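Asks: what follows is a predicted protein model with its sequence.
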Amino acid sequence: MVREPYRIARQEHLGDVLDALVSRGIVPGWQWNYDVPGKRALWRFEVPGTAAAKWRETGPAERLVLALCRAHGSTWEPVPHPGGQGLRDAILLHTPNDRCPLCQFVCELQPDGLRRCEAHHIEWRGKG
């Protein structure tokens, strides 16, 4: 089930990784909205080294986020169009155990044997 306010898993997946980019100080913040209620999703965030944030449709936003993730060590991949839960599940199925299932960033193994993602406040049993 997709969390509110998202309508499809593709949007939720992009929002999750943007939260991680903010948490890690890579992106200062982000916004999400529809251009017309119920129509196209738009994303607004600043790309490091640019003057200002701007609104982008989902595809261009995903391509920029993908480049940021690669530059900072995440193996995150966007959910392909049309963006349903099954497509997202297929991507998450291949997440290595040392990475957060939501943002694909490596999370260090803690002394208690758990890995924690500070961006998403989740933890899971990790492997060494």
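Replies: On my side now, so go ahead.
Asks: chain center to stretch 48-55: distance?
Replies: 18 Å (CA atoms, centre = their mean, to the nearest Å).
Asks: measure that stretch end to end?
Replies: End-to-end distance of stretch 48-55 (CA to CA, to the nearest Å): 15 Å.
Asks: identify each buried residue in it, please.
Replies: Residues of stretch 48-55 classed as buried: A53 (neighbour count, 16 or more other CB atoms under 10 Å). No exception for glycine: its C-beta is placed from N, CA and C like everyone else's.
Asks: which residues are contacting that stretch?
Replies: Applying CB atoms under 8 Å, 6 or more residues apart in numbering, the external contacts of stretch 48-55 come out as 26-27, 29-31, 42-46, 68.
Asks: before we move on, what about stretch 5-21?
Replies: The contact list for stretch 5-21 (CB under 8 Å, 6+ apart) reads 2-3, 27, 30, 32, 41, 43, 45, 58, 61-62, 65, 68-69, 72, 74, 76, 78-85, 87-88, 91, 100, 102-105, 117, 119-120.
Asks: show the buried residues in those residues.
Replies: 2, 27, 30, 32, 41, 43, 45, 58, 61-62, 65, 68-69, 74, 76, 78-79, 83, 87-88, 91, 100, 102-105, 117, 119-120.
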